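Asker: From the sequence below, what's the structure:
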Amino acid sequence: MNIKKRNFILIMIVVFAAGICIGALGYNGLGFIGTGHVTITQKQYRHYRYMDEKYAKTEELWQDIKSDYYKDVDDADLENGIYKGLFAGIGDIYSEYMTKEDYANWKIDTTGSFEGIGVSFSQDSSGNFVIVSVMADSPAKKAGLKSGDYIVKVNGKTYETMNDLSTAIRGKAGTSVKVTYVRGSKEKTISIKRALVSEKTVTSKVLPGNCGYIKISAFEDGTADDFKKELNKMETRNVKGLVIDLRDNGGGMVEEGTDIADMLMDKGVITYMEDKEGSKTYYRSDSRRTDLNYVLLVNGGTASTSEILTAAVKDSKNGKVVGTKTFGKGIVQETNENDDGSAYKLTVMQYFSPDGHTIHKKGITPDYIVRGTSAQLKKAEHILASEQ
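Answerer: Predicted structure coming up:
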């Protein structure tokens with residue numbers, strides 16, 4: 001490549017054109033000079049020079065790939081690769097560029113109904129894909145996948161982004177996908193038949209001893225409304241207390257979580273978010289809250305929006321938290337759609353507990369550290385019984 005030479009030639013051409021314009025019309029002149037020449041302003045010249053200096057290398061590399069790579073390469077693939085690489089350069093696993101197809105698949109994930117195997121996952125600090133939760137009665141559950149397993153390959157291929165991995169796992173109901181995962185020190189590959197997976201994010205029941213139980217598996221559109229309905233049922237039944245299960249809840253829509261926090265807290269701050277300029281956005285609760293005593297159940301799969309709710313309850317002391325340390329995802333992504341149907345996710349803020357505690361990469365330590373799913377539930381029931 002001869003990038004410097006190319007830059008020099010292009011710049012000289014622009015300088016020559018600008019020189020003609022300046023000589024004929026002055027610095028701010030606009031118009032035509034002779035045949036085939038167009039005048040430009042100093043501002044335009046600076047813009048063209050900036051663009052050449054900024055992107056000449058990209059163009060040279062593009063042309064080298066097109067001319068020298070041993071196979072034909074699609075221009076659209078190269079273009080998408082540039083955009084994806086731009087976001088990869090941030091070094092943030094939660095920020096990414098999505099093609100139109102990627103974005104369509106991503107939106108499906110927020111509806112709670114899709115064709116796939118029924119797992120949610122995230123990336124740890126090393127970039128590994130870790131399963132956060134497995135949906136009940138899903139193909140993944142029946143195949144034996146568990147929270148904490150690491151997905152290393154799908155159909156024998158590795159992937160760099162969560163969206164790409166999610167797209168590979170998802171597919172038409174009735175088709176099969178091979179998932180290679182690691183549990184402990186053992187690697188295993190299993191074949192899972194995809195199905196139409198539809199998850200109800202809020203379920204409830206009354207435990208023996210008239211103790212209420214509400215499970216929130218994710219925060220999707222309508223989760224807060226569904227929780228309110230189940231909470232009202234429990235209040236009508238006059239249960240002795242309420243267990244709210246957030247274990248293996250990987251998060252979702254922030255507003256759904258803060259709406260639920262508002263039902264559980266006295267007047268105050270639920271969470272606040274801060275951008276790089278130090279500007280803060282506050283989410284607050286009013287004074288109306290349930291009269292029921294309650295306990296939250298959490299574990300290492302409790303992440304993101306679930307942690308907003310957990311931190312709010314813990315700091316406000318309106319309820320107790322039982323379980324193990326939460327996942328530690330305390331940053332917020334903004335999703336923007338481009339004119340061509342593509343989109344991108346970008347981390348724009350970090351959120352904090354009401355008392356100002358950092359959650360990202362730290363997680364939340366429960367009021368009572370208890371291991372084992374059954375033991376955690378028993379502890380919660382014991383706490384509620386002692387508060388009667």
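Asker: all contacts plus neighbour counts: C-alpha atoms, from now on.
Answerer: Noted.
Asker: Domain boundaries for this protein, per the record?
Answerer: 3-73, 113-197, 199-386 (automatic domain parsing).
Asker: And the ones you listed: which comes nearest Ile82?
Answerer: Across the domains of the chain, Ile82 has its closest neighbour in domain 3-73 (8.8 Å, CA to CA).
Asker: list the helices and strands the helix or strand hosting Asp64 packs on?
Answerer: Secondary structure from DSSP states H and E places Asp64 in helix 42-68. When contacts are defined as 3 or more CA pairs under 8 Å, 6 or more residues apart in numbering; DSSP states H and E, helix 42-68 sits against helix 3-25.
Asker: what does the average pLDDT come to for the helix it packs on?
Answerer: The average pLDDT for helix 3-25 rounds to 41.
Asker: next one: stretch 318-336
Answerer: Here the average pLDDT along stretch 318-336 is 95.
Asker: List the buried residues of that stretch.
Answerer: 319-332, 335 (16 or more other CA atoms under 10 Å).
Asker: what residue ranges in the protein score low on pLDDT?
Answerer: 1-36, 108-113 (pLDDT under 70).
Asker: For stretch 283-301, measure first residue to last.
Answerer: End-to-end distance of stretch 283-301: 24 Å, with CA to CA, to the nearest Å as the criterion.
Asker: same check, this time on stretch 172-181
Answerer: Terminal-residue distance, stretch 172-181 (CA to CA): 21 Å.
Asker: re earlier: if you compare the domains of the chain, which one is most tucked away?
Answerer: domain 199-386 (a mean of 19; mean count of other CA atoms under 10 Å).
Asker: Quickly name whichever of the buried residues of stretch 318-336 is closest to Glu60.
Answerer: Once CA to CA is applied, the member of the buried residues of stretch 318-336 that ends up nearest Glu60 is Thr335, at 31.5 Å.
Asker: Tell me which stretches of the stretch 201-350 of the chain form strands.
Answerer: 202-207, 211-216, 242-245, 268-274, 280-285, 294-298, 320-323, 331-337, 343-352 (DSSP state E, counting those that start in this stretch).
Asker: Please find the angle between the direction vectors of the fifth one and strand 343-352.
Answerer: Between the axis of strand 280-285 and that of strand 343-352 there is an angle of 70 degrees, by axes from the mean of the first three to the mean of the last three CA atoms, to 10 degrees.
Asker: circling back: what's the closest of the strands of the stretch 201-350 of the chain to Asn163?
Answerer: Comparing these by CA to CA, strand 343-352 comes nearest, at 10.5 Å.
Asker: Which elements pack onto that closest one?
Answerer: Counting by 3+ CA pairs under 8 Å, 6+ apart, strand 343-352 packs on strand 96-98, strand 268-274, strand 331-337.
Asker: repeat that for 10 Å
Answerer: helix 75-88, strand 96-98, helix 100-109, strand 268-274, strand 280-285, helix 305-316, strand 331-337 (3 or more CA pairs under 10 Å, 6 or more residues apart in numbering; DSSP states H and E).
Asker: can you list those in TSV and add distance to Asp124?
Answerer: Output for the helices and strands packed on strand 343-352, formatted as TSV (distance: least, CA to CA, whole Å):
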stretch	distance to Asp124
helix 75-88	15
strand 96-98	16
helix 100-109	20
strand 268-274	22
strand 280-285	27
helix 305-316	16
strand 331-337	13
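Asker: Tell me which of the ones you listed lies nearest to Asn293.
Answerer: When the helices and strands packed on strand 343-352 are ranked by proximity to Asn293 (CA to CA), helix 305-316 comes first, at 11.8 Å.
Asker: distance between the closest one and the chain's centre?
Answerer: How far helix 305-316 lies from its chain's middle: 18 Å, per CA atoms, centre = their mean, to the nearest Å.
Asker: Tell me how far the residue most central in space within the chain lies from Lys317.
Answerer: Nearest residue to the geometric centre of the chain (CA atoms, centre = their mean): Tyr94, 5.6 Å. Distance of Tyr94 to Lys317, given as CA to CA: 31 Å.
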